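>>> Quick one, fold the following:
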Amino acid sequence: MTQETLYCRTIKTLVSNLRTMKSSAILLALYSVAVVTSSILRSDVVEPVAANQEVDQQLDPAAWGSDHVGQPIPEFVSGDECLFCHRKDIGSTWSDDPHATTVRRLESEKRDAWASIAAIKKPAADAEFLMGRDRSIRLLKRNPAYGSLAILSARLLPDGTVIDDNRAEGSDVHWKGQEFGQKCAGCHATAVDHATESFSALSLDCYVCHGNASLDHSNDSSTIHLSKKRDDEARVVISVCGQCHIRTGKSRSTGSPFPNNFIAGDNLFRDFEVDLSDEAIAGLNPADRHILKNIRDVVVHGVSKTTCLSCHQVHGNSSRKHHRVLKSPLCLDCHYESGPKSKRKSYEVHSKLCDY
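Numbering: from 1, shown residues only. Presented below is the predicted three-dimensional model:
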């Protein structure tokens, strides 16, 4: 039980029984509330494992839970249906959220601008979508098969430079019909079917993080994964976020760099294999290293206090909470040990998987 849950239950018990409780019992209950409140205020967002704390526990990340590996994609409630009820609390900002725009429609003026670049003039004229942001951009178009995209072999830098690292000598920039489905779709689209390399929706739908919503969830939101009322275990939260944010793993069943039909609530690591050794993590850029250290704390060492959601607010696209975290080893991947917390180390993030 978390401190916050204990706090709420103590308050409810105190209020509901106030008239019948003796003064000594009231004082004891008030003392319990004060202790828990003080603890929450001191920790604010709970710390990861301390630098000098030895962790002897070695868990098998794949030993718990279940999975949907190789099973058909289930019917699920679409994001449009979800936003009918959540249009005020989430819908007002969702269209600009990075999770909702991993693949987005290409505006005509940008298409014209890229089509004016000699190296990609002809294929860029057919582009319909784009993927990527400030580091590099990939252009996409629809394949003849439904729910499938082709990706342009070259990537574009913000200054208009065209880079095609994988182009064979003497070949031109061209459309690759299978690469998106084999390599990118798992983190840039929803409900990917490995058998057909197709998907159900562009970008990330509510289903990706919250699972298959039951129709009665409006009466009991605890049936929805990652809801406040549900209070999912740390390993469940890590699995949900890790399905896209682990960029160094692969599916045991398909070999793809994303899991095989993962559904929120599953144990990601029953199918998804990732090297969590010191050597592997040390060689990563600070952002990926930070992610894998937190994942290892949870799924190998059993630390259950800090997850991605302790510091990052998905709806609203904010990491404001992480500035309140007390100094810990996890912070030192990106921040200096001394000085203001806001001061961040200078580093670049590169990804072999994403070609930047």
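>>> which residues of the stretch 51-200 of the chain fall in strands?
According to DSSP state E, counting those that start in this stretch, the stretch 51-200 of the chain carries its strands in the segments 103-105, 129-132, 137-142, 149-152, 155-156, 162-163, 175-176, 189-190.
>>> And T306, how close does it get to D271?
Counting by CB to CB, to the nearest Å, the separation of T306 from D271 is 25 Å. Using the backbone N, CA and C atoms, a C-beta is placed for each residue, glycine as well.
>>> go on, G242?
G242 sits 12 Å away from D271, going by CB to CB.
>>> how about the most centrally placed residue in the chain, secondary structure?
Central residue of the chain (CA atoms, centre = their mean): C241, 3.4 Å from the mean position. What DSSP: H, G, I helix; E, B strand; the rest coil gives for C241 is helix.
>>> hang on, K343 packs against C334?
No - using CB atoms under 8 Å, K343 makes no contact with C334, being 10.0 Å away.
>>> Looking at the two, which has the bigger crowd around it?
Each of K343 and C334 has its neighbours counted (other CB atoms under 10 Å); C334 has more, 14 against 9.
>>> got the phi/psi numbers for that one?
The phi/psi pair for C334 (degrees, to the nearest 10) reads phi -120, psi -20.
>>> doesn't V349 make contact with it?
No - in terms of CB under 8 Å, C334 does not count as a neighbour of V349; the distance is 10.6 Å.
>>> where do the contact lists of those two overlap?
Listed contacts common to C334 and V349 are P286, A287; contacts here mean CB atoms under 8 Å, 6 or more residues apart in numbering.
>>> What are the boundaries of the helices in the chain?
With helices called from DSSP state H, the chain shows them at 3-16, 23-43, 79-85, 91-94, 108-115, 121-124, 179, 185-188, 206-210, 234-245, 278-282, 286-299, 308-311.
>>> per-residue confidence averaged over the longest one?
Helix 23-43 carries an average pLDDT of 49.
>>> so where's the chain shaky on pLDDT?
1-56, 166-170, 319-327, 340-342 (pLDDT under 70).
>>> ok, now with 80
Within the chain, the ranges that satisfy pLDDT under 80 run 1-57, 165-171, 305, 316-331, 337-344.
>>> count of residues packed around the nearest residue to A115 once chain neighbours are set aside?
The shortest distance from A115 to any non-neighbouring residue, by CB to CB, 6 or more residues apart in numbering, is to A124 (4.3 Å). Taking other CB under 10 Å as the neighbour definition, A124 ends up with a count of 24.
>>> List the contacts of A124.
So A124 contacts R111, W114, A115, I117, L139, L152 (CB under 8 Å, 6+ apart).
>>> what's the span of stretch 270-286, first residue to last?
For stretch 270-286, the separation between the terminal residues is 26 Å (CA to CA, to the nearest Å).
>>> same question, stretch 79-94
Terminal residues of stretch 79-94 are spaced 10 Å apart (CA to CA).
>>> How about that stretch, which residues are buried there?
Along stretch 79-94, these residues count as buried under the neighbour rule (16 or more other CB atoms under 10 Å): G79, C82, L83, I90, W94.
>>> How many residues are close by T254?
Number of residues near T254 (other CB under 10 Å) recorded here: 18.
>>> no wait, Y347
When neighbours are counted by other CB under 10 Å, Y347 registers 11.
>>> repeat for T223
18.
>>> Return the residues in contact with it.
Neighbouring residues of T223 by CB under 8 Å, 6+ apart: A213, S214, D216, H217, R230.
>>> List just the nearest of those residues to H301.
Taking CB to CB as the measure, H301 lies nearest R230 of the contacts of T223, at 23.6 Å.
>>> Ramachandran coordinates for the closest one?
Here is the backbone geometry of R230 (degrees, to the nearest 10): phi -80, psi -40.
>>> Could you list which residues are in contact with it?
R230 sits next to S221, S222, T223, I224 when contact means CB under 8 Å, 6+ apart.
>>> And L332, by the same measure?
With contact set as CB under 8 Å, 6+ apart, L332 has no partners.
>>> can you tell me how far it sits from K343?
12 Å.
>>> now G147
Counting by CB to CB, the gap from G147 to K343 is 45 Å.
>>> Alpha carbons only: can I get stretch 126-146 in PDB?
Provided in PDB are the C-alpha atoms of stretch 126-146 (Å, rounded to 0.1, in the frame of the first residue of the first chain):
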ATOM      1  CA  ASP A 126       4.000  11.700 -53.000                       C
ATOM      2  CA  ALA A 127       4.600  12.100 -49.200                       C
ATOM      3  CA  GLU A 128       1.500  12.200 -47.000                       C
ATOM      4  CA  PHE A 129       2.800  11.900 -43.500                       C
ATOM      5  CA  LEU A 130       5.900  12.600 -41.500                       C
ATOM      6  CA  MET A 131       7.600  11.200 -38.400                       C
ATOM      7  CA  GLY A 132      10.300  12.700 -36.200                       C
ATOM      8  CA  ARG A 133      10.800  16.200 -34.800                       C
ATOM      9  CA  ASP A 134      13.800  18.400 -34.000                       C
ATOM     10  CA  ARG A 135      16.600  15.800 -34.700                       C
ATOM     11  CA  SER A 136      15.500  14.300 -38.000                       C
ATOM     12  CA  ILE A 137      12.400  13.800 -40.000                       C
ATOM     13  CA  ARG A 138      11.200  10.800 -42.100                       C
ATOM     14  CA  LEU A 139       8.600  11.100 -44.800                       C
ATOM     15  CA  LEU A 140       5.800   8.500 -45.200                       C
ATOM     16  CA  LYS A 141       3.100   7.500 -47.700                       C
ATOM     17  CA  ARG A 142       0.400   4.900 -47.800                       C
ATOM     18  CA  ASN A 143       1.100   1.500 -49.100                       C
ATOM     19  CA  PRO A 144      -1.600  -0.300 -51.200                       C
ATOM     20  CA  ALA A 145      -2.400  -2.600 -48.300                       C
ATOM     21  CA  TYR A 146      -4.700  -1.100 -45.600                       C
END
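>>> Right, I'll leave it there.
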